[in-house]
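In: Just need the structure, nothing else, for what follows:
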Amino acid sequence: MRRLFSSKRLRSIPTSGRPKRGLGETYWLKYQLGKQKQWIIPAQQACTKAVDLGNAGAEGHMCLGLLEDGKGEYEKAAEQFQQAVQLEPANDRAYTNLAGAYQHLHQPDKAEETYKRAIAVRPQYWRVYSFLGSFYIAQAEYEKAAATFRRATELDPDSYLAWNNLGSALLYGGKDDEATEAFGKSIAIRPGSDAFNNLAVAQFRRHRFKNSVRNFKDALKFDDNNYQTWGNMGDASYYDGDTAAAMESYRKAIALAQQQLKVNPRDAGVLDDLASYYSMLGDRKQALSYLDRSLQLGQGDKDLLLNAAVVYNQLHETGTALEWLSKALAAGYSRSVVATGAPFDNLHDNPRYQALMEQK
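Out: Presented below is the predicted three-dimensional model:
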């Protein structure tokens, strides 16, 4: 079981405003939601035209920045978002988008500072806190993440995304009961893919695999093009003993992930997930090929390091798996998540594993 789902995955994109910029963002949103590549070229053309006309302001540069970021051109994206900030210093979206680009460029100090600037611009808006909270999760600062997301729920108690994000932080912090309660509040406000996904992850953590599969199926009713949902459902089915269903889910996940990778070949997360899916299928060559590419791009990302341990463990290379697990824990990955994670159940009697889990 890999990543939790939060609002950080899709940037906030308004569709009102100047025609060309709005059209470009609408096309790009269509791609993000359905992963249909035919929307990419018209989105690029409309956003470029908006900037060329010189009347789109910061929104035009954000339009281009969103596309560049989505294609893995993070340096170009940062340049566009920086121009947006310069044009409109009071635009909180410009700051959050710039901070996201800094994250992709592995500049966490700049990212944190820029997220905080977004909050300073709009301190009563819950969503800017959610972006900062997602950043803290990426940095393995789970208590800070939970506190930041909790502030978002205080500002907007009816935000299903804020409750979903709070649940994610609590789950990473090992507070499973509180996390499940937060996900339940999110679903009660507005049932959706992300909350059902995260509730399924919480159930997976508790080894309630049948319940996990059922909630992943509920998530797919809202979005059946999300490759991670298919992959996570494969995990739940696999550990529930339904190998045939698991293999079918992994193959579906691979097909969807491959399409996404064509748009952004620098997406370390997609490469990382593909490595895991191929390892579950028993394809060592493909698994290690994708894993190597993800680790080269990830530069010590704790999630990628942890998944390297999962992949090698699935390939029955225990010594190497423990080496990568050591790296992931040293980078700040949650020990409570590892301890309750089904992928490492086979290592619980291993003295090296026990020693790693006892370290502080």
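
In: Of all the residues in stretch 199-214, which ones are buried?
Out: 199-205, 208-209, 211-214 (16 or more other Cβ atoms under 10 Å). For glycine as for every other residue, the C-beta is placed from the backbone atoms N, C-alpha and C.

In: got the contact list for residue 291?
Out: 271, 272, 275, 307, 308, 311 (Cβ atoms under 8 Å, 6 or more residues apart in numbering).

In: Nearest to residue 176, out of those residues: which one, please.
Out: residue 307 (21.1 Å; Cβ to Cβ).

In: Residue 326 versus residue 289, what's the distance?
Out: 23 Å (Cβ to Cβ, to the nearest Å).

In: just to revisit the earlier point, next step: the buried residues of stretch 199-214 restricted to helices.
Out: Judged by DSSP state H, the buried residues of stretch 199-214 include 199, 200, 201, 202, 203, 204, 205, 209, 211, 212, 213, 214 as members of helices.

In: who's in contact with the longest helix along the chain?
Out: Secondary structure of the chain per DSSP H: the longest helix is helix 243-263. Helix 243-263 has contacts (Cβ under 8 Å, 6+ apart) with 31, 35, 37, 40, 70-71, 225-228, 230-231, 233-235, 237-238, 267, 270-271, 273-274, 277-278, 280-281.

In: Tabulate the CA atom coordinates of that helix in PDB.
Out: The C-alpha coordinates for helix 243-263 follow below in PDB (Å, rounded to 0.1, in the frame of the first residue of the first chain):
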ATOM      1  CA  THR A 243      -4.600 -13.500  -6.300                       C
ATOM      2  CA  ALA A 244      -6.400 -13.600  -9.600                       C
ATOM      3  CA  ALA A 245      -8.300 -10.400  -8.800                       C
ATOM      4  CA  ALA A 246      -5.100  -8.800  -7.600                       C
ATOM      5  CA  MET A 247      -3.200  -9.600 -10.900                       C
ATOM      6  CA  GLU A 248      -6.100  -8.100 -12.900                       C
ATOM      7  CA  SER A 249      -6.000  -4.900 -10.800                       C
ATOM      8  CA  TYR A 250      -2.200  -4.600 -11.200                       C
ATOM      9  CA  ARG A 251      -2.400  -5.000 -15.000                       C
ATOM     10  CA  LYS A 252      -5.100  -2.300 -15.100                       C
ATOM     11  CA  ALA A 253      -3.000   0.000 -12.900                       C
ATOM     12  CA  ILE A 254       0.000  -0.500 -15.200                       C
ATOM     13  CA  ALA A 255      -1.900   0.300 -18.300                       C
ATOM     14  CA  LEU A 256      -3.200   3.600 -16.800                       C
ATOM     15  CA  ALA A 257       0.100   4.500 -15.200                       C
ATOM     16  CA  GLN A 258       2.000   4.000 -18.500                       C
ATOM     17  CA  GLN A 259      -0.400   6.500 -20.200                       C
ATOM     18  CA  GLN A 260       0.300   9.000 -17.500                       C
ATOM     19  CA  LEU A 261       4.100   8.500 -17.800                       C
ATOM     20  CA  LYS A 262       4.000   9.400 -21.500                       C
ATOM     21  CA  VAL A 263       2.900  12.900 -20.500                       C
END
